[in-house]
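Participant: Please work out how this folds:
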Amino acid sequence: MNAIEARGVDVYFGSGAELTRAVNDVSFEVAQGESFGLVGESGSGKSTILRVIAGLVPGWTGEITVAGESLQDEKRSRAFHKKVQMVFQDPYASLHPRQTVDRVLSEAMELQGITDINRRITRLLNDVGLGAGFRFRYPHQLSGGQRQRVAIARALAPEPEILLLDEPTSALDVSVQAEILNLLADLRSELGLTYVMVSHDLGVVGHLCGRAAVMKDGEFVEVLGIDAMRRLDVTQPYTRHLLESSIRSIR
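Facilitator: Numbers count the residues shown, from 1 in each chain. Model (predicted):
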């Protein structure tokens, strides 16, 4: 069974003479429990696809079904937001600077009508490798990696089925990136989560995903398994160029 199905998705920005198509006729499926990557250079349209799924981008056409819900516009049901959560690129910008970790997590659960918040906050902090000692700290008191762990805990608060990961490690030091990727891999295994992850870094995608779509100018160039990427078993020159420029990072 598929967690996500997209058919013929087009995304437009602007209007009239300034109308631009940012995503062109994209179709893909993500099975339940799979980790699927979207890779490509800046401006290729990969983050736009995540934002369409999350309901953050109007002006798209096509068909998308996520967690059994057919998406028609930027509006999403309350049930959708319980099943689908997003982790953003910059963990400092995505956390309210004047809210403690406790408040960030409490608010995420209150919005979903979740009770027993006190016990669940303790569990969430343990799940992301922080512990109760971080509960009443503010974002400025945390390192970049710790902030991203809080952002992941917030995304997990409503017990979702799907996480949309938009460059989740690109704002972090290289030494911290592996820790966050290992955490995400462990959480997917333990909780049976489905991931769609955007990254320009093929090493990151190779660490976490089993398949990836290579994007260029808003289109899918090809979709292939990570093992095929490592072997350079590709059909399109652009994919080969992208891989050869960063092959060391996925081996």
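Participant: Tell me if I am right that E190 is in a helix.
Facilitator: Yes - E190 sits within a helix when classified using DSSP: H, G, I helix; E, B strand; the rest coil.
Participant: Next, find the distance separating it from F220.
Facilitator: 31 Å (CB to CB, to the nearest Å). C-beta: built from backbone N, CA, C; applies to glycine.
Participant: Can you give me the buried ones in the host helix or strand of L125?
Facilitator: Secondary structure from DSSP states H and E places L125 in helix 117-127. By neighbour count with 16 or more other CB atoms under 10 Å, helix 117-127 contains the buried residues I117, R120, I121, L124, L125, D127.
Participant: Who does the closest residue to A22 other than its chain neighbours form a beta bridge with?
Facilitator: Leaving aside its chain neighbours, A22 sits nearest to V11 (4.7 Å; criterion: CB to CB, 6 or more residues apart in numbering). Beta bridges link V11 to V23, W60, judged by DSSP bridges.
Participant: mind listing what V11 touches?
Facilitator: Applying CB atoms under 8 Å, 6 or more residues apart in numbering, we find V11 in contact with R21, A22, V23, G45, T48, I49, V52, V57, G59, W60, G218.
Participant: circling back to that earlier point, columns pLDDT and distance to S175 on top of the buried residues of helix 117-127, output as a markdown table?
Facilitator: Converted to a markdown table, these look like this (pLDDT from 0 to 100; distance: CB to CB, whole Å):
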| residue | pLDDT | distance to S175 |
| --- | --- | --- |
| I117 | 92 | 33 |
| R120 | 93 | 30 |
| I121 | 95 | 28 |
| L124 | 96 | 24 |
| L125 | 97 | 22 |
| D127 | 96 | 22 |
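Participant: Please identify the buried residues of stretch 125-141?
Facilitator: For stretch 125-141, by 16+ other CB under 10 Å, it's L125, D127, V128, G129, L130, F134, R135, R137, P139.
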